[in-house]
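In: sequence and predicted structure below; questions after.
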Amino acid sequence: MNYAQTIEYLFTTTPSFQQVGADAYKPGLERIREFCHYLGDPQNNYHTIHVAGTNGKGSVSHMLASVLQHAGYRVGLFTSPHLRDFRERMRVDGEMISERGVVDFVANHKAKMRELDLSFFEMTTAMAFDFFAASDVEVAVIETGLGGRLDATNVITPEVSIVTNIGLEHTDLLGDTIEKVAGEKAGIIKPRVPIVLGEASEQYNHVFEGRAAELDSRLIYAQQAFEVVEHRRERDYQHVVLSRQRDAYRFEINMDLVGEYQCHNVVTAAATADYLDTHTQITIPRRAFVEGMAEVTKTTSLAGRWQRLSDSPYTVCDTGHNAHGIKYVADELHRLAEHYEQQICIIGFAKEKSIDDILPLLPRKAYYIFTQASSPRALPAAALAATAATYGLEGEVCSTVAQALARAREMATERDMIFIGGSNFVVAEIV
């Protein structure tokens, strides 16, 4: 099989969550453990950092990968989902796995994968572990796929675990309360392995405190370790001054990630990098942290996080797709509203999303173009528009993302702003 045939085989034989949603989810670690053992347990050949959370885990993962690269390490990065190419999920020093690497892995291990009835994500996780080992990676940043406790990535024993924040998501799989979701995320904590909690909350702190105490693991509250004391927003970057609480030392950073919500993520990344530098064999000089944070998108090819697509009119996209993530996006839109005559928002969602929790967060003054991605999971644009109208969101329907973007550009002047988001699928069709 060539690369295209191999990808078709993977998506048809082992359906992904990205394609079919919850039907692709196979909880449990028995299959992935057996497959990794069959591969020689490649995940044990390098240091790892494990990242979970409702939102921000992808950004934090890319931040840490960039910082580690600037510190001189050969770095593996495993994230999901991908936007355009399956290979985006696994990179070494910013370079995707080769097409030949994907083809050979599947050809060599297809029979075993079929025997174990692996899920798409289990297969992908194992491929990343194997790719990193073959590439002589020194440190790998591993992002969970869904939840934590039963996630396929949870076979690693990391140097440090991270949970960025907790919000209600995938309630059919992770539980219908914040505490239950937190319990699933806290499942990545390993005995005597520290856990960094990015955003503290009275709703779930006790869950992490209890689990950490049970496993004799140190719990680090990122917001108690670092604080953003200065912030200035520019179009192409944001200037952030971080204060380290233990000694009031200040780090000045010009981040190339411009969404203001990234201020939460930089605190989480800083607390993690500080722990690694002071308590493990991984050394991260101040210069590496500052330069790595300044070049996250350049170093790791991160896309879709308040990504600027055009200046005239100002056009951005963001992959935030649940109520917790959309709140950050909506805050950004509200902050920018005064700078533009009109905001034109192209939005589409997956049909399983609870849009009744999302739509009230969006600005009513914006003009909306309701659309749907070319995915079987996409919510029909007309249905989205009808529900949005009940929340006072007005606009029109375009049946494809391409048509929606063309319509927005036709309407917009240089004094307007265009936003595209609501779903990874929508963003994937325009980046």
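Out: That came through fine.
In: what about the closest residue to residue 400 other than its chain neighbours, neighbour count?
Out: Of all residues not flanking residue 400 in the chain, residue 371 sits nearest, at 6.6 Å (CB to CB, 6 or more residues apart in numbering). All C-beta spots, glycine's among them, are computed from the backbone N, C-alpha and C. Residue 371 has 32 neighbours, counted by other CB atoms under 10 Å.
In: same question, residue 308
Out: 12.
In: beta-bridge partners for it, please?
Out: Taking DSSP bridges as the rule, residue 308 bridges to residue 316.
In: what pLDDT does the model give residue 353?
Out: pLDDT, residue 353: 84.
In: going forward, the N-terminal residue is numbered 48.
Out: OK, 48 is where the count begins now, so the last one is residue 400.
In: next, it: secondary structure please.
Out: State at residue 400, reduced to three classes by DSSP: H, G, I helix; E, B strand; the rest coil: coil.
In: for it, phi and psi?
Out: Backbone dihedrals for residue 400, given as degrees, to the nearest 10, come out at phi -70, psi 140.
In: distance of it from residue 431?
Out: Between residue 400 and residue 431 the computed distance is 10 Å (CB to CB, to the nearest Å).
In: who has more neighbours, the two?
Out: residue 431 (25 against 19).
In: verify the stated contact: that one with residue 416.
Out: No - at 10.6 Å, residue 431 does not count as touching residue 416 under the criterion of CB atoms under 8 Å.
In: common neighbours of these two, please.
Out: residue 394 (CB atoms under 8 Å, 6 or more residues apart in numbering).
In: what about stretch 171-189, distance to the chain center?
Out: 18 Å (CA atoms, centre = their mean, to the nearest Å).
In: average pLDDT for it, rounded please.
Out: 98.
In: pLDDT value on residue 375, please?
Out: For residue 375, the model assigns a pLDDT of 88.
In: quick one: residue 116 from residue 79, how far?
Out: From residue 116 to residue 79 the distance is 27 Å (CB to CB).
In: those two - which one has more neighbours?
Out: Taking other CB under 10 Å, residue 116 and residue 79 do not tie; residue 79 has more neighbours (25 against 22).
In: over to the residue nearest to residue 447: give its phi and psi.
Out: phi -140, psi -180.
In: looks like it contacts residue 394 (just checking).
Out: Yes - between residue 418 and residue 394 there is a contact under CB under 8 Å: 7.2 Å.
In: what sits in contact with each of these two?
Out: Joint contacts of residue 418 and residue 394 (CB under 8 Å, 6+ apart) are residue 473.
In: all helices for the stretch 198-347 of the chain, in order.
Out: In the stretch 198-347 of the chain, the helices defined using DSSP state H, counting those that start in this stretch lie at 218-221, 225-232, 252-261, 269-272, 309-326, 333-341, 343-347.
In: ok and the second one relative to helix 252-261, angle-wise?
Out: Spelled out, it's helix 225-232. 30 degrees (axes from the mean of the first three to the mean of the last three CA atoms, to 10 degrees).
In: mind listing what's buried in helix 225-232?
Out: 225, 228, 229, 230, 231, 232 (16 or more other CB atoms under 10 Å).
In: can you lay out the residues you listed as JSON lines showing distance to residue 381 and pLDDT?
Out: As requested, the buried residues of helix 225-232 are exported to JSON lines (distance: CB to CB, whole Å; pLDDT from 0 to 100):
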{"residue": "225", "distance to residue 381": "24", "pLDDT": "92"}
{"residue": "228", "distance to residue 381": "26", "pLDDT": "93"}
{"residue": "229", "distance to residue 381": "28", "pLDDT": "95"}
{"residue": "230", "distance to residue 381": "33", "pLDDT": "95"}
{"residue": "231", "distance to residue 381": "31", "pLDDT": "93"}
{"residue": "232", "distance to residue 381": "28", "pLDDT": "95"}
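In: can you tell me which of those residues is nearest residue 407?
Out: Distances from residue 407 to the buried residues of helix 225-232, taken as CB to CB, are shortest for residue 225 (18.8 Å).
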